[in-house]
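> here's a sequence, model it:
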Amino acid sequence: MEHIKIAIVGVGNCASSLLQGIAYYKKQNGHEANGLMHREIGGYEPHQIDVVAAFDIDERKVGKDVIEAIFQAPNNTMIFCNGMPRTGVVVQMGRILDGFSEHMQHYDESHTFVLSRQKERGKKDIIATLTKAGTEIMLNYLPVGSEEATRFYAECALEAGAAFINCIPVFIASDPAWAARFAERKIPIIGDDIKAQLGATITHRTLANLFKKRGVKLERTYQLNTGGNTDFLNMLNRQRLASKKKSKTEAVQSVLSERLEDDSIHIGPSDYVPWQKDNKVCFIRMEGKLFGDVPMNLELRLSVEDSPNSAGVAIDAIRCCKLALERGIGGVLHSPSAYFMKHPLQQHSDDKAYQMTEDFIAGTRDN
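Here you go, the predicted model:
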């Protein structure tokens, strides 16, 4: 079968884990594929995904082969696949806009971006690059809070006729106006804000659903997250967190039997701990009432490598987008968005979203 041609915006830890994973599962061909939700989707296996274009703003990545770039600082995710061959795809300078938070200039270069001195690319240049490379799908891996930059690249994808997977909490797929634009052009979009394979949000949602099914009244809850990658450093700027907190909070609120008051739920990134690197530690506390209004509480600590946790979902989202392209389906892919993303246009329970996605893959459901 033909390969799936993707473009990546933001060659950070998530891009590193995704490309490592594509190479890793190619080596595992014919063997047990641990860690994949689907070994194949529509006949496509992970190794049939090719990066054909990449954009970044870091001096250490721009101008390098994308495989060399994913191992440059400040990337610090776990290396689980060595000996990856170069792709011949050179990382190009993108547009900065609000993709870089000013407070990050005050940190050591090993922890933050080093802005490239190359001239920023214009929309026409980026669209030309996407078109020449035959890009089918664009993945947005920009930092949290990159509102202008995300809209800029979404525009580029639309004009280049490329599907769009929005992995960050800027509301594009979940914005009816943007959703309508992709539907009008018959271009698929999945978003917003990727839900990790087994991360804080999916775990919190599962526990909240358990409370509901077992008749336990949830009265208050928090989710506190710490990490040491550039994402957590970027989020020290609290002004960039509005959409992230809304996305994560709504993901949990949507599965509760009764929505909690704002003062009774707190969900969001809490602090940057440099030595944690790409390890994310999540603390969840849930307080409620059992039979007879007897109080109870639950506390959980979850430790995961943040970026591989994301890549396991992105690799499925890419292949679902490819199926939509082959089937002539445009606009928001509601089933994959509900299953793979925290803030889809239409929220569903995880069990329902899972079955909807399986039906979409099987071709018995349009979107």
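
> and for the nearest residue to Gln118 once chain neighbours are set aside, the neighbour number?
Among residues not flanking Gln118 along the chain, Met93 sits closest, at 4.2 Å (C-beta to C-beta, 6 or more residues apart in numbering). C-betas here are computed from N, CA, C, even on glycine. Close neighbours of Met93, defined as other C-beta atoms under 10 Å, add up to 22.

> ramachandran coordinates for Met93?
phi -70, psi 130 (degrees, to the nearest 10).

> could you list the low-pLDDT ranges of the protein?
Residues of the chain meeting the criterion pLDDT under 70: 30-31.

> listing partners with orientation, what would you give for the helix or strand hosting Phe164?
Assigned by DSSP states H and E, Phe164 belongs to strand 163-166. Counting by DSSP bridges, the strands paired with strand 163-166 are strand 137-140 (parallel), strand 188-190 (parallel).

> after the longest one, which helix or strand is next?
In other words, strand 137-140. helix 147-160.

> mind saving the C-alpha coords of that following helix as PDB?
Output of helix 147-160 as PDB, limited to C-alpha atoms (Å, rounded to 0.1, in the frame of the first residue of the first chain):
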ATOM      1  CA  GLU A 147      -3.300  30.600  19.600                       C
ATOM      2  CA  GLU A 148      -2.200  32.800  16.600                       C
ATOM      3  CA  ALA A 149       0.400  30.300  15.400                       C
ATOM      4  CA  THR A 150      -2.100  27.400  15.400                       C
ATOM      5  CA  ARG A 151      -4.600  29.400  13.400                       C
ATOM      6  CA  PHE A 152      -1.900  30.400  11.000                       C
ATOM      7  CA  TYR A 153      -0.900  26.700  10.300                       C
ATOM      8  CA  ALA A 154      -4.600  25.600  10.200                       C
ATOM      9  CA  GLU A 155      -5.000  28.200   7.400                       C
ATOM     10  CA  CYS A 156      -2.000  26.800   5.600                       C
ATOM     11  CA  ALA A 157      -3.400  23.300   5.900                       C
ATOM     12  CA  LEU A 158      -6.700  24.400   4.500                       C
ATOM     13  CA  GLU A 159      -5.200  26.200   1.600                       C
ATOM     14  CA  ALA A 160      -2.800  23.300   0.800                       C
END
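
> in that helix, what's buried?
For helix 147-160, a neighbour-count test (16 or more other C-beta atoms under 10 Å) marks 147, 149-158, 160 as buried.

> buried ones in the helix ranked longest in the chain?
Scanning the chain for the longest helix, with DSSP state H as the assignment, gives helix 306-327. Within helix 306-327, the residues scored as buried using 16+ other C-beta under 10 Å are 306-325.

> ok so, going back, contacting residues around the strand holding Phe164?
Applying C-beta atoms under 8 Å, 6 or more residues apart in numbering, the external contacts of strand 163-166 come out as 136-140, 150, 154, 157-158, 172-173, 182, 187-193, 314, 317-318, 321, 324-325, 341.

> now do Glu120 against Arg95, distance only.
Distance, Glu120 to Arg95, using C-beta to C-beta, to the nearest Å: 5 Å.

> ignore the last one, Asn13
21 Å.

> same drill for the two, tell me which one is more crowded.
Using other C-beta under 10 Å, the more surrounded residue of Asn13 and Arg95 is Asn13, with 26 against 20.

> thought the more buried one was touching Gly227?
No. Look at Asn13 against Gly227 with C-beta atoms under 8 Å: they stay out of range, at 10.1 Å.

> anything in contact with each of these two?
Here Asn13 and Gly227 have 278, 306 as joint contacts, going by C-beta under 8 Å, 6+ apart.

> related to what we said a few turns ago, just how off-centre is the longest helix of the chain within its chain?
10 Å (C-alpha atoms, centre = their mean, to the nearest Å).

> and the helix or strand following it, how far from the chain's centre?
As assigned by DSSP H and E, the chain's next helix or strand after helix 306-327 is strand 331-332. Centroid separation between strand 331-332 and its chain, computed with C-alpha atoms, centre = their mean, is 17 Å.

> again with stretch 156-170
The chain centroid and the centroid of stretch 156-170 are separated by 12 Å under C-alpha atoms, centre = their mean.

> ok, how many other residues are close to the spatially closest residue to Leu19 that is not a sequence neighbour?
Spatially, and ignoring its direct neighbours in sequence, Leu19 is nearest to Ile70 (5.6 Å; C-beta to C-beta, 6+ apart). Per other C-beta under 10 Å, the neighbour tally for Ile70 reads 27.

> looking at the buried residues of helix 147-160, which is nearest His266?
The nearest member of these to His266, counting by C-beta to C-beta, is Glu147 at 23.1 Å.

> who's in contact with stretch 329-336?
Stretch 329-336 has contacts (C-beta under 8 Å, 6+ apart) with 173, 179-180, 182-183, 185-191, 316-317, 320-321, 324, 344-346, 353, 356-357, 359-360, 365-367.

> give me the buried subset of the residues you listed.
Buried members of these, counted by 16+ other C-beta under 10 Å: 173, 179, 182-183, 187-191, 316-317, 320-321, 324, 344-345, 353, 356-357, 360, 367.

> which one in the protein is furthest away from the centre?
For the chain, the largest distance from the centre (C-alpha atoms, centre = their mean) belongs to Gly292, which lies 41.7 Å off.

> quick check, that one in a helix?
Yes. When DSSP: H, G, I helix; E, B strand; the rest coil is applied, Gly292 is found to be in a helix.

> how much space between it and Gly215?
Distance, Gly292 to Gly215, using C-beta to C-beta: 12 Å.

> what does Leu97 give?
Distance from Leu97 to Gly215, counting by C-beta to C-beta: 49 Å.
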